[in-house]
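Chemist: Generate coordinates for the sequence data below:
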Amino acid sequence: MDLQITATSPEHPAALLDLPWSLPLEEWPDECLVSLPRGISRHVVRFARAGDEVVAVKEVGEWAAVREYGLLRDLDRLAMPAVDAVAVVTGRTDAHGEPLEPVLVTRHLKGSLPYRSMFETTMRPTTIKRLLDALAVLLVRLHLTGFAWGDCSLSNTLFRRDAGAYAAYLVDAETGQLQPRLTHGQREYDVEVARVNIAGELMDLEAGGSLHPSVDPVLFGQAIAERYTELWHELTRQSVYPPDKRHYIDRRVRRLNDLGFDVAEMQIQRSPDGDKITFLPKVVDAGHHQRQLLRLTGMDAEENQARSLLNDLEAWMASQDDYAPGDPLGARPEVLAHRWVRDVFRPTVRAVPLELRGSMDVAQLYYELLEHRWLMSEQAGHDVGLDVTVADYIRTVLNHGTEA
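Modeler: Numbering: from 1, shown residues only. I've put the predicted structure just below:
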């Protein structure tokens, strides 16, 4: 059988042809390899340069290679966090005509690391927790699309930091199945496999002296199951909010915040019955909200202030007619953020007299107004709006404090 390269793009076969396919992967010369951290794998894996790209090459049986190639392409079509399939190479033979194992070629995920590389220096328990939270987010997202992983583990995941966020990416789809909808039992099986695998991997790190002494592998393995359950419930429960119940959206966001997740994206679908809300969670690191608020609005604020202002900005943007994430015809987030500053933020803070706000900066003032609106809306059972909030805040907080 002749060498055959099945690729996702016309330019890939030409770039891949220069690689030494007549040699077993373990014998590939250094000049065609790229030195990058590799995780543990059941198969031989090497990083190589193909044209302008760095690719991961994995030797695996033909049936498994073709199947995984198809699954990765499906996940890419569904916009799931996973490595990109590049090609399947079959018909390989050595210099003596003896057959060699086919390979699956995937694109290297820039800036990503396998978990073992991240544990080369003892990682703090809080950081480990954020990584596992990111993995819980990935598993939930995969399940929502109908993908049963079958072997969720740290070894089969790549982690990347992006503007303070920790994101997990599926790197091994060999055992996966894509279905229209997963049953409760299929999801529970995936979660149990994840719990056992992660506990075992952390025990392995513990035996090698790479785990923080305060980390209990069994408890951390159980933690991902608990985080998954909490997140699945919070994301999948149906919520339809009447137009005058905007504070219910705030309540939902706060609940996700309490679970340790931030809302990376909020989608509002209008219907005669009310506004249906869909959330996309993200695990973030310290300072993320400050940087994002500064980028979008030019405002410099403390982290908690920035988080609250961004939540309000996101909810306001989702209510605009020209808000269409991913649609090139929709308004860009920067444009909407500028409009929010002009039409919402500035008029609101200017409604509070300078002599009453004293030395309080505008970010703190708006943060306190948002907190006040939340409390008033909860008590009233409907969203009271910013105008009513400002008037009540001046009367009950600022004037009250002056009188005292």
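Chemist: CA only for contacts and neighbour counts going forward, please
Modeler: Will do.
Chemist: host element of Gln222?
Modeler: Element membership of Gln222, judged by DSSP states H and E, is helix 217-236.
Chemist: swap that for Glu201, please
Modeler: With secondary structure defined by DSSP H and E, Glu201 is part of helix 184-207.
Chemist: helices or strands up against that helix?
Modeler: Judged by 3 or more C-alpha pairs under 8 Å, 6 or more residues apart in numbering; DSSP states H and E, the packing partners of helix 184-207 are strand 147-148, helix 217-236.
Chemist: closest one to Arg116 among those?
Modeler: Counting by C-alpha to C-alpha, Arg116 lies closest to helix 217-236 out of the helices and strands packed on helix 184-207; the figure is 14.8 Å.
Chemist: now for that closest one, which elements pack on it?
Modeler: Counting by 3+ C-alpha pairs under 8 Å, 6+ apart, the packing neighbours recorded for helix 217-236 are helix 125-144, helix 184-207.
Chemist: Pick the most buried one from the ones you listed.
Modeler: Per residue and on average, the most neighbours among the helices and strands packed on helix 217-236 fall to helix 125-144, with a mean of 21 (mean count of other C-alpha atoms under 10 Å).
Chemist: Taking helix 217-236 as reference, get the angle to it.
Modeler: With axes from the mean of the first three to the mean of the last three C-alpha atoms, to 10 degrees as the criterion, the two stretches helix 125-144 and helix 217-236 enclose an angle of 50 degrees.
Chemist: where's helix 125-144 relative to the chain centroid, distance-wise?
Modeler: Computed by C-alpha atoms, centre = their mean, to the nearest Å, the separation of helix 125-144 from the middle of its chain amounts to 8 Å.
Chemist: That one - what's its average pLDDT?
Modeler: The pLDDT scores in helix 125-144 average 87.
Chemist: what do you get for stretch 14-33?
Modeler: Per-residue scores along stretch 14-33 average to 88.
Chemist: just the strands in the protein please.
Modeler: With DSSP state E as the definition, the chain shows strands at residue ranges 4-7, 45-50, 53-59, 85-90, 103-107, 112-114, 147-148, 157-162, 165-170, 177-178, 240-241, 262-271, 274-284.
Chemist: The fourth one pairs with which strands?
Modeler: If you go by DSSP bridges, strand 85-90 pairs up with strand 4-7 (antiparallel), strand 103-107 (antiparallel).
Chemist: any weak-confidence spans in the stretch 151-300 of the chain?
Modeler: Where the stretch 151-300 of the chain drops to pLDDT under 70, the residues are 162-165, 238-244, 246, 258-287.
Chemist: Go ahead and confirm Trp21 touches Thr90.
Modeler: No. In this structure, Trp21 is not within contact of Thr90 by C-alpha atoms under 8 Å, at 9.5 Å.
Chemist: burial measure for Val88, as a count.
Modeler: Residues contacting Val88 under the criterion other C-alpha atoms under 10 Å number 24.
Chemist: any idea how far Phe147 is from it?
Modeler: Spatial separation of Val88 from Phe147 under the definition C-alpha to C-alpha, to the nearest Å is 22 Å.
Chemist: what's around Met299, how many residues?
Modeler: The number of residues packed near Met299 is 15, by other C-alpha under 10 Å.
Chemist: How about it, nearest residue that isn't a chain neighbour?
Modeler: For Met299, the nearest residue in space outside its immediate sequence neighbours is Leu293; the separation is 6.3 Å by C-alpha to C-alpha, 6 or more residues apart in numbering.
Chemist: In contact with the one you found, which residues?
Modeler: 299-301, 306, 309-310 (C-alpha atoms under 8 Å, 6 or more residues apart in numbering).
Chemist: Among those, which one lies nearest to Gly209?
Modeler: Ala306 (38.4 Å).
Chemist: The closest one against Thr297, yeah?
Modeler: No. No contact is recorded between Ala306 and Thr297 when judged using C-alpha under 8 Å, the distance being 10.7 Å.
Chemist: Who has more neighbours out of these two?
Modeler: Comparing Ala306 with Thr297 by neighbour count (other C-alpha under 10 Å), the higher total belongs to Ala306, at 24 against 17.
Chemist: quick one, what contacts the more buried one?
Modeler: The neighbourhood of Ala306, defined by C-alpha under 8 Å, 6+ apart, consists of 289-290, 293, 363.
Chemist: how about CSV for the helices and strands packed on helix 217-236, with distance to Arg357 added?
Modeler: Output for those, formatted as CSV (distance: least, C-alpha to C-alpha, whole Å):
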stretch, distance to Arg357
helix 125-144, 37
helix 184-207, 51
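Chemist: For the closest residue to Asp94 other than its chain neighbours, give me phi and psi.
Modeler: Distances taken as C-alpha to C-alpha, 6+ apart place Ser22 nearest to Asp94, at 4.4 Å, with adjacent residues excluded. For Ser22, the backbone dihedrals (degrees, to the nearest 10) come out as phi -80, psi 0.
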